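Participant: need a 3D model of the following:
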Amino acid sequence: MKKKNRSLAPGPEWLKSAVFYQIYPQSFLDTNGDGIGDLQGIIEKLDYIASLGVNALWLNPIYDSPYLDAGYDVVDFRKVAPRYGTNADAKRLFREARKRGIRVVLDLVAGHTSINHPWFLASSQHKRNKYSDYYIWSRDMWQAGGNERWIHGYGPRDGSFVTNFFWSQPALNYGYATPDPLRPWEQPPTAPGPKAVRAELLEIMRFWLDAGCDGFRVDMAPSLIKGPPDSKPLRDLWHDIRSWLDKDYPEAVLVAEWSHPTQAIGAGFHIDFLIPVGKASYNHLFGCWSHIGEGHRIPHAFFELHGGGNAVPFFEEYEAHYAATKDSGYIAIPTGNHDFTRLRHGRTLAEMRCIHAMLLTMPGVPFLYYGDEIGMDYLEDLKPKEGSFFGRTGSRTPMQWTPRANRGFSSAPAKSLYLPVDRRKGSPDVQTQEKSPESHLNFVRGLLRLRANERALSNSGGFRLLFAKPKTYPLVYERFDAGDRIIVAVNPREKYATCRFDSPVRPLKIDHLSGEATLKFCDGQLVCRCPGVSHGIFKTCNLNTCPRSM
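Facilitator: Now for the predicted structure:
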């Protein structure tokens, strides 16, 4: 592959207004009564998804797998797992989604396979063959080292192999950023094995793009080239892939699981998540947005009723990434995902409104995790299912469609469901919330409608903090695009909060768009007053430049 110009644009035009909805396929809707969600279930709910204001989907892996890690251990990258349907069903999903203006992005497990993958079965043989260097093997079983995780004593091959996550997920060999000559298994990215693996990856991507998918969320994106996540060989690999996409599939997108937007977008990804992978600033913002195994809720996180939290560290880190990437890609702060505790856990829907008022008005591309739009809760004390250790099972329970049996997820007996539904009295469901204009479902719809209609709230609109201080409420920031300006205030604390700050424009016309908070122009400053657990979204402009219709 020829090296391309490293100056990258933010990507296809549709990303400027993209709103993603993440679906965990096995938990969305079961249409054949086996207790497991399927592609037909997604197809049947496309109109509902579109009604949210969503125009893109991210599906967790749908490939054939033994499910030792919920499908992130792949045995055939070109085959839909029979539990979900067929390749023809996937193509039909792509077509039906596109009819409704919805793009579909697949999860791409680029860094490893299942131990049952034909490549690995061949690679683990004693006799050298085409696939011997598709994976990272030490010279013999007793010779291994470095920072990788090694599995010893597998198969007839005299060697140990590197795994990316669980023992059943051997790492594909894309090479090492700085190979150590004393460790002969550390091959450079230009060695025959790594080059062959890279070619295989491109062909897998081409297969699904030609089938009609619109891009990929790349699992463990920085894991491919072994070494520092900011190494030049790793950047070169993803730049080459991005350049290939820009040439052959210019409408396709790359979404990184990297958790460092400056590095990921700098390497060629269109979007990266800013999620709490070992970063205290996020936990001190959301309190429980972490693996359950890492501990309980932080009692004085910013989004906690008793207050005392500090949003400043989060926004300092956010603004650094935003400044470095705003002209070349998008940051995503999702409402949740399959690996983390649902934000609803231990919170009321009123508290969730504060959180979603912030998450769905920030710059970048919003990602809404299935069920978060109705306030689905995390279920405690569930047994691991298909590798969902570390307390992740409780965030992967079935979508709740109705108040009836199995919450409308499946006609199978309750004991046959992939995971149990939330049977507690008052647990949320779509059908009930559809009937109430005041429901959380319709609140989320309203936020996304506002985002779509207000240019300043667009994915590429500007951002600046107006008021943020340690242990002080509310949090206030501005979104802007040319002359359009939106001010957002959130007060998750149970007590009333007020603040004053300099006005971005003066004199002001202020239109109240959402929430209970108030905003007034007084003595050259803006004064924001927020009842306990409230938010406010306001449109402001200079009286001399306001449109007459306002």
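Participant: how far off centre is stretch 313-328?
Facilitator: Relative to its chain's centre, stretch 313-328 lies at 17 Å (C-alpha atoms, centre = their mean, to the nearest Å).
Participant: let me know the outermost residue of this structure.
Facilitator: Distance from the centre of the chain peaks at residue 523, with 42.9 Å (C-alpha atoms, centre = their mean).
Participant: need phi/psi at that residue.
Facilitator: Note on residue 523: backbone dihedrals following degrees, to the nearest 10 are phi 50, psi 40.
Participant: okay, it: pLDDT?
Facilitator: Looking at residue 523, its pLDDT stands at 88.
Participant: now swap in residue 331 and tell me
Facilitator: So residue 331 comes in at 97 (pLDDT).
Participant: and it, how close does it get to residue 12?
Facilitator: According to C-beta to C-beta, to the nearest Å, residue 331 stands 17 Å off from residue 12. C-betas here are computed from N, CA, C, even on glycine.
Participant: for the longest helix seen in the chain, what does the pLDDT average out to?
Facilitator: Taking DSSP state H as the criterion, the chain has its longest helix at helix 192-211. Mean pLDDT, helix 192-211: 98.
Participant: how distant is it from the center of its chain?
Facilitator: That offset, for helix 192-211, works out to 23 Å (C-alpha atoms, centre = their mean).
Participant: how far away is residue 529 from residue 237?
Facilitator: For residue 529, the distance to residue 237 - C-beta to C-beta - is 52 Å.
Participant: ok, the two, which is more surrounded?
Facilitator: residue 237 (24 against 18; other C-beta atoms under 10 Å).
Participant: would you indicate which residues of the helix or strand encompassing that one are buried?
Facilitator: Counting by DSSP states H and E, the element that carries residue 237 is helix 232-248. Residues 233-246 are the ones in helix 232-248 that count as buried (16 or more other C-beta atoms under 10 Å).
Participant: can you tell me what sits against stretch 189-205?
Facilitator: 77-78, 108, 110, 130, 132-134, 172-177, 187-188, 216, 225, 233, 236-237, 241, 244-245 (C-beta atoms under 8 Å, 6 or more residues apart in numbering).
Participant: in strands, which of these fall?
Facilitator: 77-78, 108, 216 (DSSP state E).
Participant: where does this structure dip in pLDDT?
Facilitator: Filtered on pLDDT under 70, the chain yields the residue ranges 1-8, 276-283, 288-299, 543-550.
Participant: again, only this time at 80
Facilitator: Applying pLDDT under 80 to the chain picks out residues 1-10, 145-146, 275-284, 287-300, 504-507, 542-550.
Participant: of the contacts of stretch 189-205, buried ones?
Facilitator: For the contacts of stretch 189-205, buried by 16+ other C-beta under 10 Å: 77, 108, 110, 132-134, 172-177, 187, 216, 225, 233, 236-237, 241, 244-245.
Participant: one step back: what packs against the helix holding residue 237?
Facilitator: helix 192-211, strand 253-256 (3 or more C-beta pairs under 8 Å, 6 or more residues apart in numbering; DSSP states H and E).
Participant: now those in a markdown table, with mean neighbour count?
Facilitator: A markdown table is the format used below for these (neighbours: other C-beta atoms under 10 Å):
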| stretch | mean neighbour count |
| --- | --- |
| helix 192-211 | 17 |
| strand 253-256 | 26 |
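Participant: and these as CSV, adding distance to residue 507?
Facilitator: Converted to CSV, these look like this (distance: least, C-beta to C-beta, whole Å):
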stretch, distance to residue 507
helix 192-211, 52
strand 253-256, 42
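Participant: what's the domain layout of this protein?
Facilitator: With domains defined by automatic domain parsing, the chain comprises 13-111+193-451, 112-171, 462-542.
Participant: JSON lines for the ones you listed, including distance to residue 182?
Facilitator: Converted to JSON lines, the domains of the chain look like this (distance: least, C-beta to C-beta, whole Å):
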{"stretch": "domain 13-111+193-451", "distance to residue 182": "15"}
{"stretch": "domain 112-171", "distance to residue 182": "9"}
{"stretch": "domain 462-542", "distance to residue 182": "48"}
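Participant: ok, back up a step: neighbour count: residue 331 and residue 12, which is higher?
Facilitator: residue 331 (24 against 19).
Participant: just give me the neighbour total for residue 416.
Facilitator: Counted with other C-beta under 10 Å, residue 416 comes out at 14.
Participant: ok, now the one 5 residues further on?
Facilitator: Burial of residue 421 is recorded as 23 neighbouring residues (other C-beta under 10 Å).
Participant: quick one, what contacts it?
Facilitator: Counting by C-beta under 8 Å, 6+ apart, residue 421 has contacts 397-398, 400, 406-407, 409, 414, 427.
Participant: roughly how far does it sit from residue 29?
Facilitator: Taking C-beta to C-beta, one finds residue 421 at 12 Å from residue 29.
Participant: give me the common contacts of these two.
Facilitator: residue 409.
Participant: ranges for the helices of the stretch 251-400 of the chain?
Facilitator: 261-266, 280-286, 312-325, 349-359 (DSSP state H, counting those that start in this stretch).
Participant: in JSON lines, list the ones you listed along with mean neighbour count and distance to residue 385.
Facilitator: Below are the helices of the stretch 251-400 of the chain laid out as JSON lines (neighbours: other C-beta atoms under 10 Å; distance: least, C-beta to C-beta, whole Å):
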{"stretch": "helix 261-266", "mean neighbour count": "24", "distance to residue 385": "30"}
{"stretch": "helix 280-286", "mean neighbour count": "21", "distance to residue 385": "25"}
{"stretch": "helix 312-325", "mean neighbour count": "17", "distance to residue 385": "32"}
{"stretch": "helix 349-359", "mean neighbour count": "21", "distance to residue 385": "25"}
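Participant: possible to save these as CSV with distance to residue 123?
Facilitator: Compiled in CSV, the helices of the stretch 251-400 of the chain are given as follows (distance: least, C-beta to C-beta, whole Å):
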stretch, distance to residue 123
helix 261-266, 29
helix 280-286, 38
helix 312-325, 37
helix 349-359, 43
